[in-house]
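*Asks:* From the sequence below, what's the structure:
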Amino acid sequence: TNSLYEANLLYSKLINYTDKVLFFPMDDFITSEAIAISPEFKSERIHTLNTLANNNDYIVVTNLMGLLRYLPKVDIWKKHIIHLEKGTNIERDYLINKLYDMGYERESIVSETGKLGIRGYVLDVFPIGENNPIRIEFWGDESDSIKLFDLETQLTSKEIEKIDICPYTE
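*Replies:* From the prediction side, this is the model:
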């Protein structure tokens, strides 16, 4: 569409007819990207890209600025998805650097999507597309456990066997 407003209207109409529609919103002004990027728009675009990387059977609604946006090739995007399983042999520092490259930012306590926290051999990450952050505990270069944890209490709630961590940057 010509504008973000029109794209939003079209998306709102299409979502009533099918769940195979995604939204890729970009601010209408080039200068807005240099000043401040809307975190909601960024999350929506990354969700769209992650969904399309696994299945391209979708209608994507965007505005002109979204169409002009330079994006990586699908195979490059897929290469940056981290497939992590309990017991995986992966160097902690390598994983941390890969998360930095994927757009994750370090915080002392993980409190929102796109953040990671490092405490010794414990790595907290809040991957995009997940409802809860994860806590990865290392034993040497092996992921000893992967657990979900609560944002409020910071206490683990459930152990999981594997997780895919998708990029948090375009």
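
*Asks:* pLDDT below threshold where in the chain?
*Replies:* 30-37 (pLDDT under 70).

*Asks:* just how off-centre is the longest helix seen in the chain within its chain?
*Replies:* Longest helix in the chain, counting residues (DSSP state H): helix 39-54. A distance of 7 Å separates the centroid of the chain from that of helix 39-54, by Cα atoms, centre = their mean, to the nearest Å.

*Asks:* what's in contact with that helix?
*Replies:* When contacts are defined by Cβ atoms under 8 Å, 6 or more residues apart in numbering, helix 39-54 is touched by residues 22-27, 58, 60, 66, 71, 74, 77-78, 81, 113, 128-129, 166-170. (Glycine included, C-beta is placed from N, CA and C.)

*Asks:* So which bits of the longest strand along the chain are buried?
*Replies:* Longest strand in the chain, counting residues (DSSP state E): strand 142-149. Of all the residues in strand 142-149, those buried under the rule 16 or more other Cβ atoms under 10 Å are 143, 145, 146, 147, 148, 149.

*Asks:* what bridges to the first one?
*Replies:* Going by DSSP bridges, residue 143 is paired in beta bridges with residue 138.

*Asks:* Assess the claim that it and residue 90 are in contact.
*Replies:* Yes. With contacts counted by Cβ atoms under 8 Å, residue 143 reaches residue 90, the gap being 6.2 Å.

*Asks:* intersection of neighbour lists for these two?
*Replies:* Counting by Cβ under 8 Å, 6+ apart, the contacts common to residue 143 and residue 90 are residue 84.

*Asks:* so residue 83 sits right up against residue 162, yeah?
*Replies:* Yes. The pair residue 83 / residue 162 is scored as a contact, 7.2 Å apart, by Cβ under 8 Å.
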